[in-house]
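> Here is the input, now give the coordinates:
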Amino acid sequence: LTSVGIRMVTLSPVSHAALYMGQASFAEAVGSGIRRRSSVEFLEEEATVVAFRNPAFTPAHARRLDEFVAQHVGQSYNHLGIMLQAPFTLERKLCEVPLMPSPVRDFCTRGVAAIQLGLGRNDQFFCSQFVLEAYRYAGLPLTDADPRMISPDDLLHMREGDVPAVRVHQTLQYLGHLKAPAI
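Residues are numbered from 1 along each chain as shown. Have a look, this model is predicted:
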């Protein structure tokens, strides 16, 4: 139900983002806070799971991601951030006109974010914010955009062959569907 609500409010096909941590586990930010859970638990709860990878990802990055997650497990969820994110996601659609040049689209999106998101907290995380902060901590930032303005849909559009809403350092490679919707 939460997933459907998020997809409806954000007009997006996705509603969540998480980190695969290896050793059959995921790390994620959910309403109860930052947690790790097994791949079996994760896949049972989700309807569709798609995997992407940064092609520059190394074992050293994996160690730093693990360190970041260990520092934050149990931390509170960014409820205020996600409440501010919802109207921002809708208003920023004005910046995402397909023919708009990438630098203009990026400038517009950042401007709307500055107004909508203000100076909110950055010491708690919602799901996509958590993913971006983890990659930044690992030394492999996906974008210079404020992680508070990035939704799971934005991460989806950071893949190869797509048009991201913000400039990215490296497009993500599609690895495949770990779980596809039942037909």
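> gap between the nearest residue to residue 28 once chain neighbours are set aside and residue 167?
Of all residues beyond its chain neighbours, the one nearest residue 28 is residue 18 (3.8 Å), with distances taken as CB to CB, 6 or more residues apart in numbering. Just so you know, the C-beta spots here come from the backbone N, C-alpha and C atoms, and that holds for glycine as well. Distance of residue 18 to residue 167, given as CB to CB, to the nearest Å: 23 Å.
> which one of the two has more residues nearby?
A direct count of neighbours by other CB atoms under 10 Å for residue 18 and residue 167 places residue 18 higher, at 21 against 14.
> what about the nearest residue to residue 98 once chain neighbours are set aside, how many residues close to it?
Using CB to CB, 6+ apart and skipping the chain neighbours, the partner closest in space to residue 98 is residue 163 (7.3 Å). Per other CB under 10 Å, the neighbour tally for residue 163 reads 11.
> For residue 163, give me its contacts.
Contact analysis of residue 163 by CB atoms under 8 Å, 6 or more residues apart in numbering lists 98, 102, 157.
> ok now do residue 169, which residues does it touch?
Per CB under 8 Å, 6+ apart, neighbours of residue 169: 141-144.
> Quick check: next helix or strand after the longest helix along the chain?
Ordering each helix of the chain by length in residues (DSSP state H) puts helix 102-117 first. Going down the chain from helix 102-117, the next helix or strand is helix 127-137, by DSSP states H and E.
> what residues does that following helix touch?
16-19, 27-30, 34, 54, 64-65, 67-69, 72, 78, 81, 125, 141-143, 147-148, 150-152, 154-155.
> Return the one helix or strand residue 83 maps to as PDB; C-alpha atoms alone will do.
Assigned by DSSP H and E, residue 83 belongs to helix 79-91. Taking Å, rounded to 0.1, in the frame of the first residue of the first chain, the C-alpha atoms of helix 79-91 are listed here in PDB:
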ATOM      1  CA  HIS A  79      10.200  11.700   7.800                       C
ATOM      2  CA  LEU A  80      10.400  15.400   7.300                       C
ATOM      3  CA  GLY A  81      12.600  15.000   4.200                       C
ATOM      4  CA  ILE A  82      10.200  12.600   2.600                       C
ATOM      5  CA  MET A  83       7.300  14.900   3.300                       C
ATOM      6  CA  LEU A  84       9.100  17.800   1.600                       C
ATOM      7  CA  GLN A  85      10.300  15.500  -1.200                       C
ATOM      8  CA  ALA A  86       6.700  14.600  -2.300                       C
ATOM      9  CA  PRO A  87       5.600  18.100  -3.500                       C
ATOM     10  CA  PHE A  88       9.100  18.800  -4.800                       C
ATOM     11  CA  THR A  89       8.900  15.800  -7.000                       C
ATOM     12  CA  LEU A  90       5.700  17.100  -8.600                       C
ATOM     13  CA  GLU A  91       6.800  20.700  -9.000                       C
END
